[in-house]
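>>> sequence plus predicted model, see below.
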Amino acid sequence: MKLATIRTGDTTRAVRLDGDALVDLGFPDVGALLSQDSWAETAASATGAPYAAAEAEYAPLVPVPSKVVCVGLNYRNHIQEMGRDLPEHPTLFAKFADSLIGAGDDIVRPDETDQLDWEVELAVVIGKPVRRARGAEAEQAIAGFTVLNDITCRDWQFRTREWLQGKMWDSSTPVGPYLVTPDELPGGVRPALDVRLLVDGEVMQSDTTADLLFDPVALVEYVSAITRLNPGDMIATGTPGGVGHARKPQRFLVGGETVVAEIDGIGRLENRVVQEKAA
């Protein structure tokens, strides 16, 4: 199945993609749907009002997750371009709900940064509460996968040894458009999918999720050892090589660009970079 959260006037609705139509699932968003024990059966059997997929405006897939955990340095080529050794454990940081935007929303470029960068990522979406999950329990906790663009203010990220301040900017992180369940993907809960990011049509990043050091199941195990994972929570699995910070010369988003982040079998984010409006 492919599930999404769309905007309908002043509200949002959880929907299932059926051909060219989006079927209303009876919940305000995908996060609310996933909070139900039998969410998959409910989503598969729903026969609510249809919307035209071509005209849909996508909200963040899960508008208010309890947490978004992000993984740094998880593709071999990205680790090498950043001049680092392969890590023994995942490098974790967080994002907050205020950072998330929809698949077609504008990326707001803050006045405070001169080094706005891109990072296409496969994101795991959690479908059941888990703590200290291992093996099959970790696999079963994965509701599906989506696309996330971890837009980063590099000059703020590297002000200190902690990355959070470069990663949590308001209205900066597109996510969506769809949650795709593992049964629809090659490799299932450990999918092998082509990943790309383009800026104004130029390919900046291109790789496969088969290059991940820590696969989605391993990340669910690791993160759930630290904190409870709730339905709708997301784990962004890291980005491949090709980020602007590592290029020679460096290249950053200055405003006006169109950034496309896409993963085969899941979907495409297409976002315009705009300057933040004065308060």
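It's in. Residues are numbered from 1 along each chain as shown.

>>> pLDDT at N77, what is it?
Per-residue confidence (pLDDT) for N77: 74.

>>> and it, helix, strand or coil?
helix (DSSP: H, G, I helix; E, B strand; the rest coil).

>>> residue contacts, it?
Taking CB atoms under 8 Å, 6 or more residues apart in numbering as the contact definition, N77 lies against 207, 211, 240-241. Placement of C-beta: from N, CA and C, glycine included.

>>> of those, which is the most crowded?
P240 (27 neighbours; other CB atoms under 10 Å).

>>> in which helix or strand would I find the nearest residue to R132 once chain neighbours are set aside?
Among residues not flanking R132 along the chain, A225 sits closest, at 5.4 Å (CB to CB, 6 or more residues apart in numbering). A225 belongs to helix 216-226 when elements are defined using DSSP states H and E.

>>> next, the buried residues of that helix.
Using 16 or more other CB atoms under 10 Å as the burial criterion, the residues of helix 216-226 that qualify are 216-217, 219-224.

>>> and of those residues, the nearest to L185?
Nearest to L185, judged by CB to CB, of those is P216 at 10.6 Å.

>>> does the closest one touch A236 like I think?
No - P216 is beyond contact range of A236, at 10.7 Å (criterion: CB atoms under 8 Å).

>>> tell me, what's touching these two both at once?
L122.

>>> roughly how far does Y222 sit from Q140?
16 Å (CB to CB, to the nearest Å).

>>> which intervals of this protein have sub-threshold pLDDT?
278-279 (pLDDT under 70).

>>> if we use 80, what do you get?
Residues of the chain that meet the criterion pLDDT under 80 lie in 77-84, 277-279.

>>> could you list the domains of it?
1-59, 63-275 (automatic domain parsing).

>>> next, the distance between the ends of the first one.
With CA to CA, to the nearest Å as the measure, the first residue of domain 1-59 is 18 Å from its last.

>>> same check on stretch 111-118?
OK, stretch 111-118 end separation, CA to CA: 17 Å.

>>> list of residues touching it?
So stretch 111-118 is contacted by 109-110, 149, 151-156, 169, 197, 199, 204-205, 243-245, 250, 252-254, 259, 261, 273, 275-276 (CB under 8 Å, 6+ apart).

>>> over to stretch 202-219?
Residues contacting stretch 202-219 (CB under 8 Å, 6+ apart): 71, 74-77, 79, 86-87, 90, 118-120, 122, 124, 138-139, 142, 145, 187, 189-198, 222, 235, 237-244, 263.

>>> counting only helices, which of those residues make the cut?
76-77, 79, 138-139, 222 (DSSP state H).

>>> include distance to T5 when you put those residues into CSV, please.
Output for these, formatted as CSV (distance: CB to CB, whole Å):
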residue, distance to T5
R76, 33
N77, 32
I79, 33
A138, 25
E139, 25
Y222, 27
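
>>> out of those residues, which one sits closest to V180?
E139 (15.7 Å).

>>> relative to L219, how far out is that closest one?
12 Å.

>>> check M204 too.
24 Å.

>>> check M234 too.
Using CB to CB, M234 is found at 11 Å from L219.

>>> who touches both of the two?
With CB under 8 Å, 6+ apart, M234 and L219 have common neighbours V124.

>>> any chance you could map the helices in the protein?
With DSSP H as the criterion, the chain has helices spanning 30-34, 39-45, 76-81, 136-140, 154-157, 164-167, 216-226.

>>> tabulate those (CSV), appending distance to P63.
Shown next, in CSV, are these (distance: least, CB to CB, whole Å):
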stretch, distance to P63
helix 30-34, 7
helix 39-45, 16
helix 76-81, 29
helix 136-140, 24
helix 154-157, 25
helix 164-167, 19
helix 216-226, 21
